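K.L.:
heads up, no residue letters with this:
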């Protein structure tokens, strides 16, 4: 049998040189602490999108941490991921956060990220629809932030009894309008502006007329309580990164719009015009400051909707808010 010395030399080279390097790389990765951050491809999550795309999170967390962003379509799916230990921290709306605390899921509120950024769109104004009909209004998910915002608005305007609320993912709302399955929708940006700019529907209620003159939290930064207890230094770095991402948005608005547009287009696999994202940005306020009293308003709306029982908010504030 003829021996192929080239094959033997290649094998020796692989075992002696390449394999040890590969093993070293693996061992370095396995020694790193992993931080898994959940978010959604929305303008209301621009803090997360900018922080990820501009490496603000990774730079702040440092080389000893493996940063792993994970995207979701709706907020309550993020809460489910906490239950199954798939996340360490996340950007999520007040609705899913309050829902999580009601279900005694051990997550902790760290900071605010964005305010406002919710619009109600439709073909006809709500008051123009026939009095006897059920107004079919879409929200991204039952119990989510837009669902609670919508219910609060409808109650304030004595329309709650006339509305039939339907859960439809934001990306699919345009199809529901085309098939005339809905009359209106309450959406986080940019999905409302996208429908308006495509002439699918028109703006019925803007972000400042829905709740508290637009000064309501729409995106919060939360963490798994056990992860926070074990990694206090990482949590401080995460909070710093959250602040730096919002500072970047404030100081570089045009670049922030471009970065957010590219991220949403890539994740949703739908090319979105940059001008649309710029308009959606104007309906949001990116701030770390949080008004806890508005969270109580969300909770009260959820009680009326039957999502929560009365009397759990004080315990929630004590156990889950920094």
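P.N.:
That came through fine. Only a predicted model underlies this, so the values are computations on that prediction, with no experimental measurement involved.
K.L.:
Roughly how far does the spatially most central residue of the chain sit from residue 81?
P.N.:
In the chain, the C-alpha nearest the mean C-alpha coordinate belongs to residue 40, at 3.9 Å (Cα atoms, centre = their mean). Distance, residue 40 to residue 81, using Cβ to Cβ, to the nearest Å: 12 Å. Any C-beta I mention is one placed from the backbone N, CA and C, and that applies to glycine too.
K.L.:
anything in contact with each of the two?
P.N.:
Common neighbours of residue 40 and residue 81 (criterion: Cβ atoms under 8 Å, 6 or more residues apart in numbering): residue 72.
K.L.:
Compute the number of surrounding residues for residue 178.
P.N.:
For residue 178, the count of nearby residues is 9 (other Cβ atoms under 10 Å).
K.L.:
Can you verify my assumption that it contacts residue 200?
P.N.:
Yes - judged on Cβ atoms under 8 Å, residue 178 makes contact with residue 200 at a distance of 7.3 Å.
K.L.:
what stretches of the stretch 51-200 of the chain score poorly on pLDDT?
P.N.:
For the stretch 51-200 of the chain, the stretches flagged by pLDDT under 70 are 126-133.
K.L.:
what do you get if the cut-off is 80, keeping everything else the same?
P.N.:
For the stretch 51-200 of the chain, the stretches with pLDDT under 80 are 75, 124-133.
K.L.:
now the stretch 201-322 of the chain
P.N.:
In the stretch 201-322 of the chain, residues with pLDDT under 80: 207, 310-322.
K.L.:
those helices in it, which residues are they?
P.N.:
Ranges of helices within the stretch 201-322 of the chain are 225-230, 232-251, 253-268, 274-281, 292-305, 313-320, based on DSSP state H, counting those that start in this stretch.
K.L.:
With respect to residue 125, which of those lies nearest?
P.N.:
Nearest of those to residue 125, taken as Cβ to Cβ: helix 274-281 at 20.7 Å.
K.L.:
ok so, going back, any idea which of the helices of the stretch 201-322 of the chain is most buried?
P.N.:
The highest average neighbour count among those, using mean count of other Cβ atoms under 10 Å, belongs to helix 274-281 at a mean of 20.
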